[in-house]
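# Show me the folded form of this:
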Amino acid sequence: MIDPKDLVAGLGRGLAVIEAFDDENARLSSAEVAERTRISRSAARRYLLSLCHFGYAKTDGRTFWLAPRVLRLGQSFLLSARLPRLAQPCLQRLSAATAETASLAVLDGHEVIFLSRHGGSRFTSAGFQLGTRLPAHVVSGGRAMLATLSDTALASWIAEHHFTGFTHSTECDPIEFRAAVVRARTQGYAIADQQLELGWRGLAVALRNRHGECLGSLSITTPIERLSVQQLVAQTLPLLRDAESELRALL
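Numbering: from 1, shown residues only. I've put the predicted structure just below:
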């Protein structure tokens, strides 16, 4: 536990200002940033102007938006993180063996972040880049990681989660979703069948280290016409488990 006296509160607020921007809020006024971050308007404006000064944001005098320099923050993680580097050869072999898309993802609160991916399907070329964030309930990797939580932690996560529907198949009922996660825990793998996008399904396993701690997930994504659920499990689950065992020995 870090002593609060050692924390720089201003840094935390500055990062919160950056995180206030998203795809639905690409441009914000200082008042809107203040509302989203729960800091005063004057403080929000100072943080925004500071970001502009250091090249992380731009402004037209009324609204603010993030500048490309912000990508350096995420790039620094991808370049320095050990997990994506270790996983990439495994993902390449998985993709070659299955002719499908193989991915490494981690859980960040209520979202899944894709840190590494290999495969040439449309699923990877249609806007799914490294660093893509998706609601955890609609992807197999999210379910696989949630399955490693205790019953109490899972219940808290579900209670706080906003279940957004993307297709007619998306499970938005908390009770049904919990049942799916518990089933994944029992089976040792998770499936997301057309939860995010029609025509696509995924299979994932949790990625643990040698101490049994969940660090992320490994998944395979495929068009539904290529493999049935039964074929997906039979053909790719052993490969996913082998890859997970290989990585676990390194972690």
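# Please make it C-alpha for all contacts and neighbour counts, starting now.
OK.
# Can you read off the backbone torsions of the residue nearest to D173 when sequence neighbours are not counted?
Excluding its sequence neighbours, the residue lying closest to D173 (CA to CA, 6 or more residues apart in numbering) is F163, at 7.6 Å. Phi and psi for F163, reported as degrees, to the nearest 10, are phi -90, psi 100.
# my guess is F163 contacts H137, does it?
Yes - the criterion here is CA atoms under 8 Å, and F163 meets it with H137 at 7.3 Å.
# Neighbours of the residue nearest to D173, how many?
Here the number of neighbours of F163 (other CA atoms under 10 Å) works out to 18.
# And the pLDDT at it?
Per-residue confidence (pLDDT) for F163: 96.
# Give the helix, strand or coil label for F114.
strand (DSSP: H, G, I helix; E, B strand; the rest coil).
# Next up, the contacts around it.
103-106, 129-133 (CA atoms under 8 Å, 6 or more residues apart in numbering).
# And S217, by the same measure?
104-106, 141-142, 144-145, 204-207.
# That one belongs to a strand?
Yes - the assignment for S217 (three-state DSSP) places it in a strand.
# How about the contacts made by the residue nearest to D173?
137, 171-174.
# Any figure for the gap between it and I39?
27 Å (CA to CA, to the nearest Å).
# same question, E225
Distance of E225 to I39, computed by CA to CA: 50 Å.
# go on, A16?
Noted for A16: a distance of 10 Å to I39, by CA to CA.
# just A67 next, same as before
Distance, A67 to I39, using CA to CA: 22 Å.
# Mind checking which of the contacts of F114 land in strands?
Those of the contacts of F114 mapping onto strands are 103-106, 133, per DSSP state E.
# Could you single out the nearest of the residues you listed to C52?
Ranked by distance to C52 (CA to CA), the ones in strands among the contacts of F114 are led by R133 at 25.1 Å.
# Next, count neighbours for that closest one.
Neighbour number of R133 under other CA under 10 Å is 18.
# Nearest residue to it in space, please, no chain neighbours.
Closest to R133 by CA to CA, 6+ apart is I113, at 4.6 Å.
# pretty sure the one you found is in contact with A105, am I right?
Yes - because the distance of 5.3 Å satisfies CA under 8 Å, I113 is recorded as touching A105.
# Of those two, which one has the most company?
Between I113 and A105, counting by other CA under 10 Å, A105 is the more crowded of the two (28 against 22).
# ok, R210 touching A249?
Yes - counting by CA under 8 Å, R210 touches A249, with 6.2 Å between them.
# Which parts of the protein are strands?
57-59, 64-66, 101-108, 111-118, 133-135, 190-193, 200-208, 214-223.
# Now do the helices in the stretch 101-250 of the chain.
122-125, 140-146, 151-160, 174-187, 229-250 (DSSP state H, counting those that start in this stretch).
# G10 is nearest to which of those?
Closest to G10 of the helices of the stretch 101-250 of the chain, according to CA to CA: helix 151-160, at 26.8 Å.
# got a list of what the residue nearest to R133 touches?
If a contact means CA under 8 Å, 6+ apart, then I113 has 105-107, 131-134 as its contacts.
# Same question for G142.
106-107, 111-112, 135-136, 217.
# and what of G14?
Y47.
# For this structure, give me the ranges with low pLDDT.
Along the chain, segments meeting pLDDT under 70 span 1, 78-80, 120-128.
# tell me the domain ranges of it?
Using automatic domain parsing, the domains assigned to the chain come out as 4-71, 81-250.
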